[in-house]
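Asks: From the sequence below, what's the structure:
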Amino acid sequence: MRERLITLGCALGALLLFGALLVRGAGLDSRRVALPTTIERHGNGLAGAMSWLEAEGIRTLSLRERFDTLAKRRDLPAAGNLLIVTAPVATPFRVQEARAVDHWIWAGNTLLVLAALSDTPDWGRGGLGVHNDLQLLTGLDFEAVHGAESSQHAGTRLIEASRELAQPQRGTLVPNRPHAYLRGVSRALAWSDYPPQAWTVRLPRDGFVLVLAHQSETGEGVLWMRPAGSGTLIVSGFGSLFSNRALAGADNARLLANIVGASVRPKGAVLFDDEHQGLAAAYDPAKFYNDPRLYGTIGVLAAVWLVWVLGGTRLRVPATRRPAPREAELVRATGGFLARVLRPAAAARRMFEHFHRRLAARSHRGAQGASLPWEWLEQHPRLTRANVQQLKDWYAQAYSDRRVPLTRLHNLIVRTERQLAA
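Replies: Coordinates of the predicted model:
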């Protein structure tokens, strides 16, 4: 039981480590930001606007490709379409996209840009390059209205702009004069999650901009319209004007309906730019990690792995009983040990001593002295002079503490004793 508990603890630790390495955390800011896409059903998403237009019989499309593909689409008419773009964007615009959109507008289509200029929703926080995106996409220049302020006050204003508001701040759009886009619209609301900044448009040299509405709180314009060939360019300084949380307020839905009614022709469509807000047709890692099926699969695999670890593995290796070693193994092991620590010259001397004793016991020779009876061995008829001379040479080397080939010496002594006993 103890082994099972230890194994369970180790397995849970491994799962925690795996989760820390694989599963992406929410980061330092754990508050979820709703992006202005057509799949977002909370806060500043545009799912409400798209669903409402579909319910009214208006064809809608989620554009998840670059703008340079607009002219190549066969499912859209050449004119009479409305493209809704939000700025700042997550994926920057390309120069060729701006050219493609410009040609597309001149062909008789309408571009509506919802720019977070006079409002600051959470997704537009830190969008310092929004005016660059607008200049590239619309050809209009926008500049912030700071007034006469010192550098110290400008720094304080930047610090304040980075602090989230305790409650969303409302901005109100009020029409300047009657217009087809503003029929039945007395006011429209936008919401800021961070302190907003007033902006103004600089008139282009090659045309004019019609200011359709202004913000009641600041008096600055927030809705501009500019003809472009057979099409129209509309820019809203409120990026959250048609978001989920603002669409049902005041006359926001009426304003969107007027723009759609005046821009979209029969068989035309309202296109929502999801590509530049990170919702591309290609692989999206954020969508992968937000898919609940990923975590369901990981949970099933983890459960199966835990069951296998706790129930299908052998926790303790069975003890193996090895048989007792045989005599030959003991002799071999002892010989190997002695061969590593005994010097060859000492072993050779010991072999000669045993040879001397066996000769003395067999023939009663050699008992008179300590050395071998070399003269008797040399005169023995069964022994060759070469073998006896080899014994003498190795004998001299052993007692001179020089190395002797022990295997050859052993074989020669055995052969000599056999010849003497024959």
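Asks: alpha carbons only for contacts and neighbour counts from here, please
Replies: Noted.
Asks: which phi and psi does Val185 have?
Replies: Main-chain torsions, Val185, degrees, to the nearest 10: phi -110, psi 120.
Asks: how does this structure divide into domains?
Replies: 10-22+31-294, 328-421 (automatic domain parsing).
Asks: hey, which of the ones you listed is tucked in deepest?
Replies: Of all these, domain 10-22+31-294 carries the top mean neighbour count, a mean of 18, counting by mean count of other CA atoms under 10 Å.
Asks: Could you pull up the mean pLDDT of that one?
Replies: Mean per-residue pLDDT for domain 10-22+31-294: 84.
Asks: Ala303 versus Leu310, what's the distance?
Replies: Taking CA to CA, to the nearest Å as the measure, Leu310 falls 11 Å from Ala303.
Asks: neighbour count winner among those two?
Replies: Leu310 (17 against 12; other CA atoms under 10 Å).
Asks: That one: which element?
Replies: Element membership of Leu310 [criterion: DSSP states H and E] is helix 292-311.
Asks: Ok, Ile84 next?
Replies: strand 82-87.
Asks: With Phe238 instead?
Replies: Going by DSSP H and E, Phe238 is not in any helix or strand.
Asks: Who are the contact partners of it?
Replies: Contacts for Phe238 (CA atoms under 8 Å, 6 or more residues apart in numbering) come out as 114-119, 190, 222.
Asks: Could I get the full set of strands for the stretch 201-350 of the chain?
Replies: For the stretch 201-350 of the chain, applying DSSP state E, counting those that start in this stretch gives strands covering 210-215, 221-228, 231-236, 270-273.
Asks: closest to Pro323 out of those strands?
Replies: Pro323 lies closest to strand 270-273 among the strands of the stretch 201-350 of the chain, at 79.5 Å (CA to CA).
Asks: helices or strands up against that closest one?
Replies: Other helices and strands packing on strand 270-273, by 3 or more CA pairs under 8 Å, 6 or more residues apart in numbering; DSSP states H and E, are strand 60-63, strand 82-87.
Asks: distance between the shortest one and the chain's centre?
Replies: Read it as strand 60-63. Counting by CA atoms, centre = their mean, to the nearest Å, strand 60-63 is centred 30 Å from the centre of its parent chain.
Asks: for stretch 178-192, same thing?
Replies: On CA atoms, centre = their mean, the centre of stretch 178-192 falls 45 Å from the chain's centre.
Asks: can you give me the end-to-end distance of that stretch?
Replies: Stretch 178-192: ends 27 Å apart by CA to CA.
Asks: and of the helices and strands packed on strand 270-273, who's closest to Arg340?
Replies: So among these, strand 60-63 is nearest, using CA to CA, at 83.2 Å.
Asks: Pairing partners for the closest one, with directions?
Replies: With DSSP bridges as the test, strand 60-63 is paired with strand 270-273 (parallel).
Asks: Show me the contact partners of stretch 215-226.
Replies: Contacts for stretch 215-226 (CA under 8 Å, 6+ apart): 118, 171-174, 198-200, 208-214, 232-238.
Asks: what do you get for stretch 240-253?
Replies: Under CA under 8 Å, 6+ apart, the answer for stretch 240-253 is 36, 41-49, 114, 116, 119, 121, 184-191, 256.
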